[in-house]
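Undergrad: sharing a sequence plus its predicted fold:
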Amino acid sequence: ITDTLLLLEHPPVFTLGRVQASQQNVRVSEDEIAAAGAFIARSDRGGNVTFHGPGQLVAYPIVDLGGYRRDLRWYVSALEQSIIETAAAFGLQARAGGSGETGVWVGDRKLAAIGVAVKRWVTSHGLALNADVDLRFFDMIVPLRAPCMPECPLCVWQ
């Protein structure tokens, strides 16, 4: 497979990762989610539950790591670095998550989530950068981060 990058914006959707507790981290009923104009989808990516929707850039790199490095930590670090460099282009000082944190952060606010899947060293899934997303959807879940840390859109600092 040749390396491919899919960039898109999803309709409002909550995705459940492979972590068994991901359904338990949905704080509201499916009826409430539907009333908000969203739905729930199961995913084969790693991680817990997250939200994707308008105002969020979602990137799905499809990469054969065999042509680079067969090292999942290296790959996730490369994704983090690409987000950090993107944030810097907007004048923001971002950082990779520390101990117990995933994704990319500006201060104590999460700018981007990362959730990947790898089969036979070919990647799928990827990252979600909060550009101008409606943060109220995140109140419906315990997202892929500590529940006390707010998500933040890129537009907050513009």
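TA: Here it is on my side, so go on. Numbering: from 1, shown residues only.
Undergrad: low pLDDT regions in this structure?
TA: 20-21, 46, 143-151, 153, 155-158 (pLDDT under 70).
Undergrad: centroid residue for it?
TA: Nearest to the centroid of the C-alpha atoms of the chain, with distances taken as C-alpha atoms, centre = their mean, sits Ala113, at 2.8 Å.
Undergrad: how about the nearest residue to Val142, chain neighbours excluded?
TA: Distance criterion C-beta to C-beta, 6 or more residues apart in numbering; nearest residue to Val142, sequence neighbours excluded, is Asn25 at 4.0 Å. C-beta here means a position set from N, CA and C on the backbone, and glycine is covered the same way.
Undergrad: okay, now that neighbour: neighbour count?
TA: 19 (other C-beta atoms under 10 Å).
Undergrad: and what of Arg45?
TA: 20.
Undergrad: gap between the residue nearest to the centre of the chain and Gly97?
TA: Per C-beta to C-beta, to the nearest Å, Ala113 is found 10 Å from Gly97.
Undergrad: biggest helix in the chain by residues?
TA: Within the chain, and with DSSP state H defining each element, the longest helix by residue count is helix 72-89.
Undergrad: I'd like the next helix or strand past that helix.
TA: strand 95-96 (DSSP states H and E).
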